[in-house]
Every structure is written in structure tokens, then in C-alpha cells.
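S.K.: Here you go, sequence then predicted model.
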Amino acid sequence: MEKTNSSWEEETKIRIDEAKQKQQYHENEAKFWREYSEALSKALSMQNQPKSARSDIEQNIFVNKIKNQPVRTTLIQIAQANSGVLVVNDAVTRLVEARLFNARNNARNAIYSNIYNNRKYFEKDKPGIYRLINTQNIMLPLNA
């Protein structure tokens, strides 16, 4: 009788060890797929967003060049440097850095009023994101 109890205990221990190994394996698999899913969702969200205007603009438009230009010209140049996309938050930052405006709120108001007054050149893509259209008809000042 003692033999059956010990064999039963051994078999139970073996089954518990197998169950723990399977559980560890499946937890690792779940972790892998969770990380894979997060990476895919991040890549998809990055694909749907426009390119950050900040990196391109820093290379293409310098603050000194912006300082003496009208806001409309600056907005068009920012959009052209960003593949025709104007991201308002990036443009606000750029105008404040150029010291055309002291407050971000004033810069934002000027940008939206310029977009509204020049709506034949800009179309709304998403809130805060506008696309430059009709670029061949844009009349920029000679010093632009």
C-alpha cells in the first residue's frame, strides 16, 4: 500500500512540474505577443500621423529668416518644408522661438486667422493639422 502512495505522490509531483513548465511557456508566449501587438499599434499610429514638422523645419527654416517675414509667408514655408502639412502646434513653437510673438496664445490666434483668411491655400486635415493646397498659385513676396 505504501508503494502506491509514493508512486501517486511522484506522479502528482511530475504532473505539477509539467503544468508549471507549460504555464511558464505560455506566459512567455503571451508576453511576446503582447510586446509584438504594442509595437504594431505604435507603428500604425506613427504611420497615421504626419511627419513631425519640428525636425524638418529646424534644418530648413532658420529663425533669422523668419523674423522679418509676414506670418502668412512663414506658414507657407513651414508647410512646404513639411511636405505640405502644417502642424499648428509646431508652427506656434516656431513663431514664438523667432520672437514674432511673446505668447503662444497670440501666435496660435494669428495662425488660425491667417489660415482662415487664406483658406484657398489650406484645407483642414485633422484638428490642428492643415494641408497646403493650390501651391502653384501662391504669391510670396520677392524676399521670401
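M.R.: Perfect, I can see it now.
S.K.: what does the domain assignment say about the protein?
M.R.: Listed by automatic domain parsing, the domain ranges of the chain are 1-48, 53-137.
S.K.: avg pLDDT for the helix or strand containing residue 31?
M.R.: Secondary structure assignment for residue 31, by DSSP states H and E: helix 2-48. The predicted model assigns helix 2-48 a mean pLDDT of 86.
S.K.: Please state the offset of that helix from the chain centre?
M.R.: 35 Å (Cα atoms, centre = their mean, to the nearest Å).
S.K.: how about the domains of the chain in a markdown table, adding mean neighbour count?
M.R.: From N, CA and C alone the C-beta is placed, and that goes for glycine too. Compiled in a markdown table, those are given as follows (neighbours: other Cβ atoms under 10 Å):
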| stretch | mean neighbour count |
| --- | --- |
| domain 1-48 | 10 |
| domain 53-137 | 16 |
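S.K.: how close does the nearest residue to residue 128 once chain neighbours are set aside sit to residue 10?
M.R.: Of all residues not flanking residue 128 in the chain, residue 88 sits nearest, at 4.5 Å (Cβ to Cβ, 6 or more residues apart in numbering). Applying Cβ to Cβ, to the nearest Å, the value for residue 88 to residue 10 is 71 Å.
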